[in-house]
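In: have a look at this fold, sequence not included:
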């Protein structure tokens, strides 16, 4: 309730402008968190940075191109063609992903925004993949019976004797990514519902603002209800 309330307050107050600034801050927090956790894990492994990079590069989870196994989800052709469709969806059909680009002053700024986003995404994804391989190396080296997949990161950050700061950083990164996702989703749903379903842009300004505010509040309630429902 508190998380959704905070998100509703700052998105209701500032709209897309607030979302751009909060996303920037949240991305910075996530970057710092990622670097510090990678540094902490490398320190606990007692290896140098070049040795860690070499271990990550040679690890089986770091294999990028898979041509020989058609059943693998990492098969090159599956990844390549699904990547094309995902890009079309994200850059052409998803209000959530594109609302900040659409809010740019002109086409040049929008193009610059998209290209910057691409570079940042490549860096972030590469770092997360490196961290994933590093975590598997860490639990294997310590002979720790840890969960795999999405649960591994949280388990290592909180249960494997790393400094308390790592657990705190993990929590900060998690909250930052949650706020970023939920805030942009709430704003995108409000915009889409107001303009595409209610057709409120054809109404007088006063009615448009009332429709937007009411839609924003109702969608926040629906979002919170879905979270509670899934929890139970």
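Out: Looks like it came in fine. Quick caveat, the model's predicted, so the values are computed rather than measured.
In: can you find the helix or strand of this protein with the lowest average pLDDT?
Out: Within the chain, no helix or strand scores below helix 95-102, which has a mean of 73 by mean pLDDT, DSSP states H and E.
In: what packs against that helix?
Out: When contacts are defined as 3 or more CB pairs under 8 Å, 6 or more residues apart in numbering; DSSP states H and E, helix 95-102 packs onto helix 2-45, helix 107-141, helix 164-192. For every residue, glycine as well, the C-beta is placed using N, CA and C.
In: flag every buried residue along it.
Out: Buried residues in helix 95-102, counted by 16 or more other CB atoms under 10 Å: 95-96, 98-100.
In: stretch 153-164 now?
Out: The neighbour-count check on stretch 153-164 (16+ other CB under 10 Å) flags 153, 155-157, 160, 162 as buried.
In: tell me which of the residues you listed fall in strands.
Out: Within the buried residues of stretch 153-164, no residue falls in strands by DSSP state E.
In: could the residues you listed go into TSV alongside distance to residue 220?
Out: Output for the buried residues of stretch 153-164, formatted as TSV (distance: CB to CB, whole Å):
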residue	distance to residue 220
153	29
155	32
156	34
157	30
160	37
162	36
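In: residues near residue 118, how many?
Out: By other CB atoms under 10 Å, 12 other residues sit near residue 118.
In: ok, now residue 2?
Out: Counted with other CB under 10 Å, residue 2 comes out at 6.
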